[in-house]
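Novice: Can you look at this prediction? I've put the sequence above it.
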Amino acid sequence: AQSVAQPEDQVNVAEGNPLTVKCTYSVSGNPYLFWYVQYPNRGLQFLLKYITGDNLVKGSYGFEAEFNKSQTSFHLKKPSALVSDSALYFCAVRDGIYGGSQGNLIFGKGTKLSVKP
Amino acid sequence: DTGVSQDPRHKITKRGQNVTFRCDPISEHNRLYWYRQTLGQGPEFLTYFQNEAQLEKSRLLSDRFSAERPKGSFSTLEIQRTEQGDSAMYLCASSLGLAGVGDTQYFGPGTRLTVL
């Protein structure tokens, strides 16, 4: 079964420091991986995705993520955190083996990122 | 591109009442998805449309839930005989549908349902 784990409920970072939000996954076939951000009382906003190719994916607002097949991880990173990055971050996976099932994303529980000035 | 819109943004109802939510996807997006998000959890998939056809339904979608997308544009999600356990944020997403499983879903702001 497909699954996503975000092992940290909360990550605290000082402004200007690098940040990492962790995500590991489990799928049967090739993984298709996504990161979304959610601000309070708002919907999810797409940040980036890994489909194939270069393991380092660059996305919106200076975020990037590194796909590591051997460790089944897709950690979200940013070289220098901003206070405005404080939000809830969700990792999601879609299993590419289900060619006919192109519907659902499987989401992790989310990680709350808090960036202090 | 005005984004995915959902109406209403908030709904408070009494147990046993019926409620209906509307989602307007990004124009030209032929795929539309409904998810449910409860506090402290990630979104959980409910159902998915390609154009007007409902292609996938989660086991979370009980008989009290029904979704439609009659003309392949907007969609409605109806919950009959609401229960307190239905209280959640209901999210709608749409995607273009050209990139297969790598297709990016874009989410609306959600409808927060509170069942008293």
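Specialist: Looks like it arrived, so ask away. It should be emphasised that the depicted structure is a prediction, and the values quoted were computed from it without experimental measurement.
Novice: who does the lowest-mean-pLDDT helix or strand in chain A pair up with?
Specialist: Ranked by mean pLDDT, DSSP states H and E, the weakest helix or strand in chain A is strand A:87-95, scoring a mean of 91. Neighbouring strands of strand A:87-95 in its sheet, by DSSP bridges, are strand A:31-38 (antiparallel), strand A:106-107 (antiparallel), strand A:111-116 (antiparallel).
Novice: would you list those in JSON lines and tack on mean neighbour count and mean pLDDT?
Specialist: To be clear about C-beta, it is placed using only N, CA and C from the backbone, and glycine gets the same treatment. Converted to JSON lines, the strands paired with strand A:87-95 look like this (neighbours: other CB atoms under 10 Å in any protein chain shown; pLDDT from 0 to 100):
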{"stretch": "strand A:31-38", "mean neighbour count": "24", "mean pLDDT": "94"}
{"stretch": "strand A:106-107", "mean neighbour count": "22", "mean pLDDT": "93"}
{"stretch": "strand A:111-116", "mean neighbour count": "17", "mean pLDDT": "97"}
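Novice: Can you lay out the ones you listed as TSV showing distance to A:Val21?
Specialist: TSV is the format used below for those (distance: least, CB to CB, whole Å):
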stretch	distance to A:Val21
strand A:31-38	8
strand A:106-107	14
strand A:111-116	5
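Novice: between these, which one is nearest to A:Thr20?
Specialist: strand A:111-116 (10.0 Å; CB to CB).
Novice: How about the contacts made by the residue nearest to A:Gln38 when sequence neighbours are not counted?
Specialist: What sits nearest to A:Gln38 in space, not counting adjacent residues and going by CB to CB, 6 or more residues apart in numbering or on different chains, is A:Leu88, at 4.4 Å. Counting by CB atoms under 8 Å, 6 or more residues apart in numbering or on different chains, A:Leu88 touches A:Val37, A:Gln38, A:Tyr39, A:Gly110, A:Thr111, A:Lys112, A:Leu113.
Novice: List the strands paired with the helix or strand of chain B with the lowest mean pLDDT, with their directions.
Specialist: Every helix and strand of chain B was ranked by mean pLDDT, DSSP H and E. The lowest is strand B:53-57, at a mean of 89. The strands that strand B:53-57 pairs with in its sheet are strand B:44-50 (antiparallel) (by DSSP bridges).
Novice: Name the residues that touch the partner strand?
Specialist: Residues contacting strand B:44-50 (CB under 8 Å, 6+ apart): A:102-107, B:30-38, B:54-58, B:60-61, B:65, B:67, B:69, B:72, B:75, B:77, B:97.
Novice: and the helix or strand where A:Phe46 lies, what other elements does it pack with?
Specialist: Secondary-structure assignment from DSSP states H and E places A:Phe46 in strand A:44-50. Counting contacts by 3 or more CB pairs under 8 Å, 6 or more residues apart in numbering or on different chains; DSSP states H and E, strand A:44-50 packs against strand A:31-38, strand A:56-58, strand A:64-68, strand B:106-107.
Novice: Can you tell me the centre-most residue of chain B?
Specialist: For chain B, the residue nearest the mean C-alpha position is B:Trp34 (3.0 Å; CA atoms, centre = their mean).
Novice: before we move on, the earlier item: buried set for the strand holding A:Phe46?
Specialist: Of all the residues in strand A:44-50, those buried under the rule 16 or more other CB atoms under 10 Å in any protein chain shown are A:Leu44, A:Phe46, A:Leu47, A:Leu48, A:Lys49, A:Tyr50.
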